[in-house]
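K.L.:
fold the following and give me the result.
(chains A and B)
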Amino acid sequence: MLLQHAATAGAHPLEGTVASYLWLLPLLPLLGFVLNGLLSLTSAFHLGPDDPGADHGHDSHAAAAHDESGGGAHGDDHHPVQRHRHAGLVSLIGPGVLIAAFGLALAIFMAMRGLGEMHAPFVQRYFSWMPVGDLVVDASFQLDQLSMVMVLIITGVGALIHLFSVGYMQDDPGYPRYFAYLNLFVFFMLVLVLGANYPILFIGWEGVGLCSYLLIGFWFSEKANADAGKKAFIVNRIGDFGFLIAMFMLFANLGRLDFAGVNATIGQLPFGGVVVTAICLFLFLGCAGKSAQIPLYVWLPDAMAGPTPVSALIHAATMVTAGVYLIARSNVLFSMAPVAGLTVVLIGGLTALFAASIGLKQWDIKKVLAYSTVSQLGYMFVGVGSGAYVAGVFHLMTHAFFKALLFLGSGSVIYAMHAAYHATHSHEDAQDMRNMGGMKKYMPITWVLMWGATLAIAGVPPFAGFFSKDEILGSVFLRATHSTLADARWLGIPGNYVLYLVYVMGLAAAFMTAVYMTRMMIYTFHGPNRTGDKEREHLREAPWIMTGPLVVLGVLSVIGGWFNIPAALPVGPIGALEHWLEPVVGESTLRVAGGTLPEASHSLEYLLIAVAIVIALAGIGFAFARLKPQRLVPKAQAPAEHGFGLVLENKYYVDEAYDAAVVQPVVGVSRGLLWRGVDVGLIDRLTRLLVQSKDDDAAPGAVPMGGWMTRAVGYLGSQLQSGRVGTYAWVLVVGVLFVLGAFSFR
Amino acid sequence: MLAESLFFSAVLFTIGVVGVLTRRNAIIVFMCVELMLNAVNLTFVAFARVYGVAGQVFVFFVMTVAAAEAAVGLAIIIALFRHKQTVDLSNINLLKG
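P.N.:
Residues are numbered from 1 along each chain as shown, chains lettered A, B, ... in the order given. Below you'll find the model as predicted:
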């Protein structure tokens, strides 16, 4: 079957294999969305437990909601939690479609492996979407090695997080709605990575943004959560503006928007020219919004208002890496624009350092992980910006494993903490690390797995993060000596200085990463427990539906590095991922590197590896030396921060600065100028002048003339509809004659 | 031959239009609509002699649709008469603004 099809001239070798069911991949989660959405709607029309006001969420805001219900209402706090009546069915559909999609993805992956070499992407065209003049956009999917990696991450990690969600969200009254949104997110994410042209990618790009908004504000009955959703949505609009401009410029200069066409025609533009640099910079603006880079990172920490599995799936493992994917996908473009590459590297390095420093002084366990995500995304951009596309995608993959594990592990902890505080009606903050401590005694499995993920993110060998982070830092270092980036100038600064600077920033960020992650582990799991004497007996490990996925992710976090082992450390298959992605990014990697790949002597490579290990271990040691687990105090007794620590705890006051610089001026102009000035001052006054002042006693601010004029126009309009067929026929004939005349005498 | 046929169908069509515009009796208006349809049919057939049989095929479509339209239209007129005891269109103007 396979051979027959391969033999026919021109047909892609994947034609006729299981890969022709490519369209089914996104359709499965879409089916889940429809079914779960219907189940959610059926109950919405009945008086039932599906009331978003009845907040049974596990995050800290749930505790605050109990505050508002008043002290006297505690009596009914103990009624058994009312599960959604379709909860069983939803638990089957939600994760079921994801597991099916993952199975299909694996089968397609095997078919691709079976082919051996595959140089052209497998494109499936469904219909012509926008045939407008010169602009031809097809609804088509494209499968190549890069999108295959992304599909496996999305469906694999996604399936695990869906399973975890069954345990975490089962008792929530909005359970079907939750899974409907989550399935819809996976659908759009798959459209994003499978699209064969920029507009299709953009559909997925906007769709995941919508789902992110819906899920951040999942517990929307609390204003803070709804506000966080709006913030994410609005900040992302700024980035999308950049993406759109980039698409317009691509079409204006190349006339093509599909990846194959852009890659084939981009050679017409001059290397490093203004146009290609501008396109790349605008694309990167889109990436900075979606992937939370300076200056648009502010939405991601706030996005932690959503349920914790959502943070794991959308705001750590998949959606926020879409920007990294976009640059890897546009590798041919970026390899032509060294200045844009330097910008990406510099912003990535700055973000990595900046976010890591904020992570040092956060108390909310999810906020620590959020800033950690921003910082790790910075690393990925350093990788793809410096032309080491494989290293960036490699870190994307290992990060998906260990950061999903960290978030789900923190979800387990929060679940236990919330259950404990719920049982004793305490109003303490279930997400504040100062209220935790000593959890390793109560949650040993989570403790072991979280340490695995912490060592992975800190970059301790042989855990996954070590290999990917080392590869990024190593490739920046090597490209500083010889590459097109090093030869270019960034605002007058020689490119190799920028790359060395980013390398140092990366090392500093790696040190801080080790410190803040160890600090989080010490506060959460070590020392004596600070939860409270009554609460302590309620702390226990989460059910297996939640710890099971954690174990799988734990295994992946340990062995994830084996997917791409550097040649200097021959402990397994060398460079498997690099070899796999060769057909997609190989040419661009070579172009950025200036013709030949930077070959490091093994001694230099060992030196770089040694530096990375020493930095990671020093960070962990520093945290243990500074924080004595026995001496930590609960939140209520914690001393206030001062000096630079206070600045860090308040996130460098960036939110306040944005509020003063952007939000307040906009509000001021709308209120002072547009409302008081134009609306009340001009329009209302003008109308009062035009109309006799006999109805001055009407409501102030009303528009007297408006009513009169509206009625007059309405009367004229109503005269047209006489009800006589004859009149209508006349109008019709006159109209036909007019049109015919216009055509004859033009 | 073509010119005469086209002239004749144009005359027929104009008679139909004028009839629809000026007459008040719904039955006569209805007949005038049929006249217009048949004028178009005549044009189709006339052109079919020059450009091939596609025009003749279209005539069958028009006749089928006209038959269906006649059935529905007459039924409406009968229903109107039962309701108002008249088919004078100037009296039928309930649907107005």
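
K.L.:
can you pull out the strands in the chain?
P.N.:
Using chain A. Remark: strands assigned in chain A by DSSP state E are A:122-132, A:135-143, A:489-490, A:493-494.

K.L.:
right, and these - which one's nearest chain B?
P.N.:
Among those, strand A:122-132 comes nearest to chain B, with 27.4 Å by C-beta to the nearest C-beta. Heads up, the C-betas are built off the backbone N, CA and C, glycines and all.

K.L.:
same question for that closest one: list its buried residues.
P.N.:
A:122-124 (16 or more other C-beta atoms under 10 Å in any protein chain shown).

K.L.:
ok, now stretch A:90-101?
P.N.:
A:90-91, A:93-101.

K.L.:
in the chain, where is pLDDT below threshold?
P.N.:
In the absence of a named chain, chain A is used. Along chain A, segments meeting pLDDT under 70 span A:1-10, A:44-82, A:598, A:689-707.

K.L.:
my question was about chain B, not that one.
P.N.:
Chain B contains residues with pLDDT under 70 at B:97.

K.L.:
elements contacting the longest helix anywhere in it?
P.N.:
Assignment by DSSP state H gives helix B:54-84 as the longest helix of chain B. Secondary-structure packing of helix B:54-84 (3 or more C-beta pairs under 8 Å, 6 or more residues apart in numbering or on different chains; DSSP states H and E): helix B:26-51.

K.L.:
for residue A:129, give its distance to residue A:202.
P.N.:
12 Å (C-beta to C-beta, to the nearest Å).

K.L.:
residue contacts, the nearest residue to residue A:217 once chain neighbours are set aside?
P.N.:
Counting by C-beta to C-beta, 6 or more residues apart in numbering or on different chains, residue A:217 lies nearest to residue A:229, which is 3.2 Å off, once chain neighbours are set aside. Contacts for residue A:229 (C-beta atoms under 8 Å, 6 or more residues apart in numbering or on different chains) come out as A:213-214, A:216-217, A:220, A:305-306.

K.L.:
show only the entries of those residues found in helices.
P.N.:
Counting by DSSP H, the contacts of residue A:229 place A:213-214, A:216 in helices.

K.L.:
among the residues you listed, who's most crowded?
P.N.:
Among these, residue A:216 has the most neighbours (other C-beta atoms under 10 Å in any protein chain shown), with 29 neighbours.

K.L.:
go ahead and confirm that one touches residue A:224.
P.N.:
No. The criterion here is C-beta atoms under 8 Å, and residue A:216 misses it with residue A:224 at 10.6 Å.

K.L.:
picking that back up, okay if I get the contacts of residue A:229 as a markdown table plus distance to residue A:281?
P.N.:
As requested, these are arranged in a markdown table below (distance: C-beta to C-beta, whole Å):
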| residue | distance to residue A:281 |
| --- | --- |
| A:213 | 26 |
| A:214 | 30 |
| A:216 | 28 |
| A:217 | 31 |
| A:220 | 36 |
| A:305 | 31 |
| A:306 | 31 |
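
K.L.:
show me the two of the residues you listed that sit farthest apart.
P.N.:
For those, the maximum inter-member distance is 12.3 Å, found between A:214 and A:305 (C-beta to C-beta).

K.L.:
now residue A:539: phi and psi?
P.N.:
Main-chain torsions, residue A:539, degrees, to the nearest 10: phi -70, psi 130.

K.L.:
can you pull the contacts of it?
P.N.:
A:416-417, A:420, A:439, A:442-443, A:529, A:531.

K.L.:
of those residues, just the buried ones, ChimeraX syntax please.
P.N.:
The ChimeraX command for the buried members of those (criterion: 16+ other C-beta under 10 Å) is given here:
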select /A:416,417,420,439,442,443,529,531
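
K.L.:
and the contacts of residue A:539, which is closest to chain B?
P.N.:
Relative to chain B, the closest of the contacts of residue A:539 is residue A:417; by C-beta to the nearest C-beta it sits at 66.2 Å.

K.L.:
excluding chain neighbours, what is closest to the closest one?
P.N.:
Ranked by C-beta to C-beta, 6+ apart and with sequence neighbours excluded, the top spatial neighbour of residue A:417 is residue A:430, at 4.0 Å.

K.L.:
again, but for residue A:400
P.N.:
For residue A:400, the spatially nearest residue (C-beta to C-beta, 6+ apart) is residue A:317, at 4.1 Å.

K.L.:
and the gap between that neighbour and residue A:451?
P.N.:
Taken as C-beta to C-beta, the span from residue A:317 to residue A:451 is 20 Å.

K.L.:
same check, this time on residue A:344
P.N.:
From residue A:344 to residue A:451 the distance is 33 Å (C-beta to C-beta).

K.L.:
who has more neighbours out of those two?
P.N.:
residue A:344 (30 against 17).

K.L.:
find the residue closest to that one in space, skipping its chain neighbours.
P.N.:
Distances taken as C-beta to C-beta, 6+ apart place residue A:385 nearest to residue A:344, at 3.0 Å, with adjacent residues excluded.

K.L.:
can you give me the neighbour number for the one you found?
P.N.:
31.

K.L.:
next, the contact list for it, please.
P.N.:
A:327, A:334, A:341-345, A:347-348, A:392.

K.L.:
so which of those belong to helices?
P.N.:
A:327, A:334, A:341-345, A:347-348, A:392.

K.L.:
most surrounded residue in the residues you listed?
P.N.:
residue A:348 (34 neighbours).

K.L.:
that one against residue A:382, yeah?
P.N.:
Yes. Using C-beta under 8 Å, residue A:348 is in contact with residue A:382, at 4.1 Å.

K.L.:
find residues that contact each of the two.
P.N.:
With C-beta under 8 Å, 6+ apart, residue A:348 and residue A:382 have common neighbours residue A:502.

K.L.:
of the contacts of residue A:229, closest to residue B:31?
P.N.:
residue A:214 (61.0 Å).

K.L.:
quickly note the distance from the residue in the stretch 201-350 of chain A positioned nearest to chain B to residue A:264.
P.N.:
Closest to chain B within the stretch 201-350 of chain A is residue A:255: 38.3 Å, counting by C-beta to the nearest C-beta. Counting by C-beta to C-beta, the gap from residue A:255 to residue A:264 is 11 Å.

K.L.:
next: residue A:482.
P.N.:
28 Å.

K.L.:
give me the more crowded residue out of these two.
P.N.:
Under the neighbour definition other C-beta under 10 Å, residue A:482 and residue A:264 were set side by side, and residue A:482 has more, 17 against 13.

K.L.:
and the more buried one, backbone torsions?
P.N.:
Here is the backbone geometry of residue A:482 (degrees, to the nearest 10): phi -150, psi 100.

K.L.:
so it makes contact with residue A:595?
P.N.:
No. With contact defined as C-beta under 8 Å, residue A:482 does not reach residue A:595; the gap is 9.3 Å.

K.L.:
so which residues of the stretch 1-150 of chain A form helices?
P.N.:
Here the stretch 1-150 of chain A has its helices, by DSSP state H, counting those that start in this stretch, at A:2-7, A:24-44, A:60-68, A:87-115, A:145-169.

K.L.:
just name the most buried of those helices.
P.N.:
helix A:145-169 (a mean of 25; mean count of other C-beta atoms under 10 Å in any protein chain shown).

K.L.:
orientation of that one relative to strand A:135-143 in degrees?
P.N.:
Computed by axes from the mean of the first three to the mean of the last three C-alpha atoms, to 10 degrees, the angle separating helix A:145-169 from strand A:135-143 equals 70 degrees.

K.L.:
residue A:644: neighbour count?
P.N.:
Neighbours around residue A:644, by other C-beta under 10 Å: 10.

K.L.:
check contacts around it.
P.N.:
Applying C-beta under 8 Å, 6+ apart, no residues qualify as near residue A:644.

K.L.:
and residue A:357, by the same measure?
P.N.:
A:512, A:648.

K.L.:
how much space between residue A:486 and chain B?
P.N.:
Separation of residue A:486 from chain B (C-beta to the nearest C-beta, to the nearest Å): 71 Å.
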